[in-house]
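Chemist: structure, please.
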Amino acid sequence: MAVRRVDPLNRRELARFARLERELVGNHPRYVSELDADVRRYLAGRSVFTRGLDTALFVASDATGRDVARCAATVNPRFNDYHDERSGSVGWFAAASQKGEQVREMLAAAEEWLAERGMERALAPFNGSALLGLGLRVDAYDEDPMFPLHWTPPYYPHELERAGYEPAYPYWEYWIDFSSERYKEASRLALANPAATVRPIDLKRWDEELALFVELFNEGFAEEWQFHPYTLDEFRELYGPSKRILDPDQVLFAEVDGEPAGLCSGFPDWTPHFRRFGGKVGPRKVLRLLRTAKKYDRAGLVLIAVRPQFKGKGVAQALAAMLFRHYEKRRLPGAFYYLVNDANERSRRFAESFGGEGRISYVVYEKKLAE
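Modeler: Sure, this is the predicted structure:
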């Protein structure tokens, strides 16, 4: 049994690291692989998200020499400066079943690396930036995850808990049934006398609109534990590849007396498309996605942000009702509202006001590190 560091500048080793999760758990029908090229770019520091991060990659092997687990330990100075804390993260976590001893040894190596850099706790799984991924699935393992979330095996939480991690940040996922009376009434009230003017994103003014998106996002999410301010370049990298298939009616801005007040963004469920990619994408797969991306049978509201001075005035209701009405027109039976931080009681009550039925579906764990 051994734990080794992986050099992110070694293309062969990094490629092996990127595809390892797929080799370990990819035979499950609910599994959806991330794109290998994206993982390599993030971990090699070629992404605007990761250029300022300090990262170490670890892989554990068993007695036969087979690689059975991987993770990345990361220090994000922007996150720590914003929250005035010393937290590290353990992300890109993957492990084979019944390899607890190897997993614990690997995590111990990652934790030691974080502690040497003065970190006082580790968050897991957390990919260094919330927009790159966080949380383990803790429910509904027999269901497909909603894009852009991922399926993870039911033994992952147990492996973290055996290594001394504790559930710290639960996330809720809500289902909103468009046929329910509570939804119908909430939607009717929000649309009959809207508190804001709601409009779709103007793709012809992409740069200007994306800059507004970032501004509203940063203001609206400023109090969330996983947040730190993001840059326009980061959102260009995140949303740029999907511009050609983006449905403008799923990215909405709210204005009050001509002043930008909030935004919301929905996503169609592209999980089936990314499952077919199998971690690799080429010209033929891209063309297929361009042809089929606007065909979907599930969708949801993935983020909603309202400026502090407009909160509690019905702006969020106007945005959500308009997005849900779009999904109704597409004859969807309902929509998801996800992921909602357990500590965000306002957002949870908001989901329930539309008749949302919720469950905790993802959790981020933490562990205090030895001084």
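
Chemist: quick one: the strands in the stretch 101-250 of the chain, in order.
Modeler: 121-124, 136-137, 166-177, 197-200 (DSSP state E, counting those that start in this stretch).

Chemist: now tabulate those strands in CSV and tack on mean neighbour count and distance to residue 150.
Modeler: C-beta coordinates here come from the backbone N, C-alpha and C atoms, glycine included. Shown next, in CSV, are the strands of the stretch 101-250 of the chain (neighbours: other C-beta atoms under 10 Å; distance: least, C-beta to C-beta, whole Å):
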stretch, mean neighbour count, distance to residue 150
strand 121-124, 24, 14
strand 136-137, 22, 7
strand 166-177, 19, 13
strand 197-200, 16, 28
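
Chemist: point out where the stretch 201-350 of the chain drops to low pLDDT.
Modeler: The model of the stretch 201-350 of the chain has no residue with pLDDT under 70.

Chemist: show me what the longest helix along the chain is packed up against.
Modeler: Counting residues, the longest helix found in the chain (DSSP state H) is helix 100-116. Applying 3 or more C-beta pairs under 8 Å, 6 or more residues apart in numbering; DSSP states H and E, we find helix 100-116 packed against strand 2-6, strand 54-61, strand 67-75, strand 87-95, strand 121-124, helix 156-162.

Chemist: doesn't residue 93 make contact with residue 74?
Modeler: No: counting by C-beta atoms under 8 Å, residue 74 stays clear of residue 93, with 11.5 Å between them.

Chemist: more crowded one of the two?
Modeler: residue 74 (30 against 24; other C-beta atoms under 10 Å).

Chemist: can you tell me the closest non-neighbouring residue to the more buried one?
Modeler: For residue 74, ignoring the flanking residues on the chain, the nearest one in space by C-beta to C-beta, 6 or more residues apart in numbering is residue 128 at 3.8 Å.

Chemist: who touches the one you found in this structure?
Modeler: 49, 50, 53, 55, 72, 74, 76, 89, 91 (C-beta atoms under 8 Å, 6 or more residues apart in numbering).

Chemist: got it, and residue 333?
Modeler: 177, 178, 179.

Chemist: relative to residue 179, how far out is it?
Modeler: Distance of residue 333 to residue 179, computed by C-beta to C-beta, to the nearest Å: 7 Å.

Chemist: now the phi/psi pair for the residue most central in space within the chain, please.
Modeler: Centroid check for the chain by C-alpha atoms, centre = their mean gives residue 133 as the closest residue, at 4.3 Å. Main-chain torsions, residue 133, degrees, to the nearest 10: phi 130, psi 140.

Chemist: any idea how far the closest residue in space to it that isn't next to it in sequence lies from residue 50?
Modeler: Leaving out its chain neighbours, the residue that sits closest to residue 133 by C-beta to C-beta, 6+ apart is residue 127, at 4.3 Å. Distance, residue 127 to residue 50, using C-beta to C-beta: 9 Å.

Chemist: ok, the two, which is more surrounded?
Modeler: Remark: of residue 127 and residue 50, residue 127 carries more neighbours, 26 against 22, as counted by other C-beta under 10 Å.

Chemist: surely the more buried one is in contact with residue 93?
Modeler: No: with contacts defined as C-beta under 8 Å, residue 127 does not count as touching residue 93, sitting 9.1 Å away.

Chemist: that older thread, got the contact list for the residue nearest to residue 133?
Modeler: Neighbours of residue 127 in contact, by C-beta under 8 Å, 6+ apart: 42, 72, 74, 89, 91, 92, 133, 134.

Chemist: phi first, then psi, for the nearest residue to the fifth one once chain neighbours are set aside.
Modeler: Leaving out its chain neighbours, the residue that sits closest to residue 91 by C-beta to C-beta, 6+ apart is residue 127, at 3.6 Å. Dihedral pair for residue 127: phi -80, psi 30, per degrees, to the nearest 10.

Chemist: now residue 127: how far from residue 72?
Modeler: Taking C-beta to C-beta, one finds residue 127 at 7 Å from residue 72.

Chemist: residue 159 too?
Modeler: From residue 159 across to residue 72, the span is 16 Å (C-beta to C-beta).

Chemist: the two - which one has more neighbours?
Modeler: Taking neighbours as other C-beta under 10 Å, residue 159 and residue 72 compare with residue 72 leading, 26 against 22.

Chemist: sorry, back to before: can you tell me which of the strands of the stretch 101-250 of the chain is nearest to residue 213?
Modeler: Counting by C-beta to C-beta, residue 213 lies closest to strand 197-200 out of these; the figure is 12.2 Å.

Chemist: and that closest one, what does it pack onto?
Modeler: Applying 3+ C-beta pairs under 8 Å, 6+ apart, one finds that strand 197-200 makes contact with strand 251-256, helix 315-329.

Chemist: got those as JSON lines, with distance to residue 192 columns?
Modeler: Shown next, in JSON lines, are the helices and strands packed on strand 197-200 (distance: least, C-beta to C-beta, whole Å):
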{"stretch": "strand 251-256", "distance to residue 192": "16"}
{"stretch": "helix 315-329", "distance to residue 192": "10"}
